[in-house]
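Colleague: Prediction below, plus the sequence it came from.
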Amino acid sequence: MSVAFTKEDSAETASETLLPDRPISPHPNLVTEAGLKALELQLHQAREAYETAQKIEDVNERRRQAAIPLRDARYFAARVRTAQVIPNPTSTDTVAFGSTVTFRRDDGRVQKYRIVGEDEADPKAGSISFVSPVAGLLMGKAVGDEVGASGHELEIISIS
């Protein structure tokens, strides 16, 4: 095998393993205290996965295995660095970042979500991002207020 072939092969492999950065939101990086801890844990896990990949002897396999953890480490390092921890709201008079709000849709469904940062939002687990359309409608509103969403009304039932 010629050295030229090896270098070409390595260059192809390198280009396959250079992943584009994960997109970072243009919105402020607001987080709850739990959200910051989760970001720090994900950063730690990405760094550990990268270090594990660095122990692989085959250079091409090492690059392939390190690509995702390296990309994730860059992302989570940026998110930890720019995180703005917002303390839990001290009042339940109006919906704010960190509030848990229960509302009724005009079709009778009742939903309950905590308003959190973008990285910690998980609607299936009961949390939505503060930049989501629903959160945007609810923020600053009080119990009994009705807000419109996509031609539908939401009535705030409780805030905690």
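Modeller: Alright, I've got the coordinates. Numbering: from 1, shown residues only.
Colleague: List the contacts of the residue most central in space within the chain.
Modeller: Centroid check for the chain by C-alpha atoms, centre = their mean gives residue 119 as the closest residue, at 1.6 Å. Counting by C-beta atoms under 8 Å, 6 or more residues apart in numbering, residue 119 touches 29, 31, 35, 38, 39, 79. Where you see a C-beta, it was placed from the backbone N, CA and C, and this is true even at glycine.
Colleague: Where does the prediction get shaky in this structure?
Modeller: Applying pLDDT under 70 to the chain picks out residues 1-17, 149.
Colleague: Can you show me the CA trace of the helix ranked longest in it as CSV?
Modeller: Secondary structure of the chain per DSSP state H: the longest helix is helix 59-82. The C-alpha trace of helix 59-82 is given here as CSV (Å, rounded to 0.1, in the frame of the first residue of the first chain):
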residue,chain,number,x,y,z
VAL,A,59,-7.0,6.2,14.0
ASN,A,60,-10.0,6.0,11.6
GLU,A,61,-12.2,4.3,14.2
ARG,A,62,-11.0,6.7,16.9
ARG,A,63,-12.1,9.6,14.7
ARG,A,64,-15.5,8.1,14.0
GLN,A,65,-16.1,7.3,17.6
ALA,A,66,-15.0,10.7,18.8
ALA,A,67,-16.9,12.8,16.3
ILE,A,68,-20.3,13.0,18.1
PRO,A,69,-18.9,13.4,21.7
LEU,A,70,-16.5,16.2,20.4
ARG,A,71,-19.4,18.0,18.8
ASP,A,72,-21.6,17.6,21.9
ALA,A,73,-18.8,18.8,24.2
ARG,A,74,-18.5,22.0,22.1
TYR,A,75,-22.2,22.5,22.3
PHE,A,76,-22.6,21.9,26.0
ALA,A,77,-19.5,23.9,26.9
ALA,A,78,-21.1,26.9,25.1
ARG,A,79,-24.4,26.3,26.7
VAL,A,80,-22.9,26.1,30.2
ARG,A,81,-20.8,29.2,29.6
THR,A,82,-23.7,31.3,28.5
